[in-house]
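[1] next one to model:
(one chain, ligands or ions: 4)
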Amino acid sequence: MAIWNGRVLNLCILWLLVSIVLLNGIDCHSRKKKLPKPCRNLVLYFHDIIYNGKNAGNATSTLVAAPQGANLTIMTGNYHFGDLAVFDDPITVDNNLHSPPVGRAQGFYFYDMKNTFSAWLGFTFVLNSTDYKGTITFGGADPILAKYRDISVVGGTGDFLMARGIATIDTDAYEGDVYFRLRVNITLYECY
Ligand SMILES: *[C@@H]1O[C@H](CO)[C@@H](O)[C@H](O)[C@H]1NC(C)=O
Ligand SMILES: *[C@@H]1O[C@H](CO)[C@@H](O)[C@H](O)[C@H]1NC(C)=O
Ligand SMILES: *[C@@H]1O[C@H](CO)[C@@H](O)[C@H](O)[C@H]1NC(C)=O
Ligand SMILES: *[C@@H]1O[C@H](CO)[C@@H](O)[C@H](O)[C@H]1NC(C)=O
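    Ligands and ions are numbered 1, 2, ... in the order given. Prediction:
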């Protein structure tokens, strides 16, 4: 009888231990990691002048692909679906196109929805000024009609070594299919 009781007790203890381990496991999965405090914030602007067949001297971006039959000097109708542009845009600390640039925004965007204006952005800020030296690389979906859009900061070099965070962009100016200016509010959560 005493042995039997001991066995039951052991089984109970074992069951208890297993339950605790399992419950903890489930708890771990449901618990979110706490977001660290931002370690750096900067706001920059970049300016995109789209080549339209006549502005070769000033253009900073150009369509390099478009749907079959489309004209590469004119954005397609149909919400520009399928248009792919490559850019090398000046970056400034304020919203003035003619301010001294602190670097270049280099990359591409393509329009990827047929029923609204929406693009995908992939680009790098190449910064070489007294304040900033290094690169920050961005990527993400850009639902253009929303006032604020968050894209990912996926990495960096130099002053921004292995940067990670969020960039909130908004269209600060828009002049037809020729010029637009984006304001980029960069919040980094990883800095070295
Ligand atoms: C470039 O822009 C300036 C001023 O914005 C204008 O005077 C000039 O004609 C433009 N050049 C070309 C090639 O479009
Ligand atoms: C594209 O459209 C422009 C303006 O209508 C025209 O001048 C140009 O010749 C067209 N290019 C091609 C390749 O069709
Ligand atoms: C950055 O600017 C300095 C000074 O203008 C220049 O000497 C240097 O080559 C530039 N570096 C890069 C990577 O462009
Ligand atoms: C930039 O974004 C951060 C975080 O969302 C916000 O606290 C800050 O006010 C923004 N800065 C500007 C100038 O919009």
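
[2] looking at the protein, which helix or strand does the model trust least?
    When each helix and strand of the chain is scored by mean pLDDT, DSSP states H and E, helix 2-30 comes last, with a mean of 58.

[3] please enumerate residues in contact with the following helix or strand past it?
    Helices and strands here follow DSSP states H and E; after helix 2-30, the next one along the chain is strand 40-49. With CB atoms under 8 Å, 6 or more residues apart in numbering as the test, strand 40-49 has contacts from 55, 58-61, 87, 89-95, 97, 102, 105, 125, 132, 163, 165, 172, 178-188, 191. Heads up, the C-betas are built off the backbone N, CA and C, glycines and all.

[4] once you drop chain neighbours, what's closest to the closest residue to ligand 4 within the chain?
    Nearest residue of the chain to ligand 4, counting by CB to the nearest ligand atom: residue 185, 3.7 Å away. Leaving aside its sequence neighbours, residue 185 sits nearest to residue 168 (CB to CB, 6 or more residues apart in numbering; 4.5 Å).

[5] that neighbour and residue 115, how far apart?
    25 Å (CB to CB, to the nearest Å).

[6] more neighbours: these two, which one.
    Using other CB atoms under 10 Å as the criterion, residue 168 and residue 115 rank with residue 168 on top: 15 against 8.

[7] how about the contacts made by that one?
    For residue 168, the contact set (CB under 8 Å, 6+ apart) comprises 148, 149, 150, 184, 185, 187.

[8] how near is the closest residue to ligand 2 within the chain to residue 170?
    Taking CB to the nearest ligand atom, ligand 2 has its nearest neighbour within the chain at residue 71, 3.6 Å off. Taking CB to CB as the measure, residue 71 falls 30 Å from residue 170.

[9] ok, these two, which is more surrounded?
    A count of neighbours by other CB under 10 Å puts residue 170 above the other of residue 71 and residue 170, at 13 against 10.

[10] let's verify the more buried one: helix, strand, or coil?
    Taking DSSP: H, G, I helix; E, B strand; the rest coil as the rule, one finds residue 170 in the strand state.

[11] that one and residue 33, how far apart?
    Separation of residue 170 from residue 33 (CB to CB): 28 Å.

[12] with residue 107 instead?
    Counting by CB to CB - residue 107 and residue 33 are separated by 30 Å.

[13] the more surrounded of these two?
    Remark: of residue 107 and residue 33, residue 107 carries more neighbours, 19 against 5, as counted by other CB under 10 Å.

[14] so where does that one fall, helix or strand?
    Using DSSP H and E, residue 107 sits within strand 103-111.
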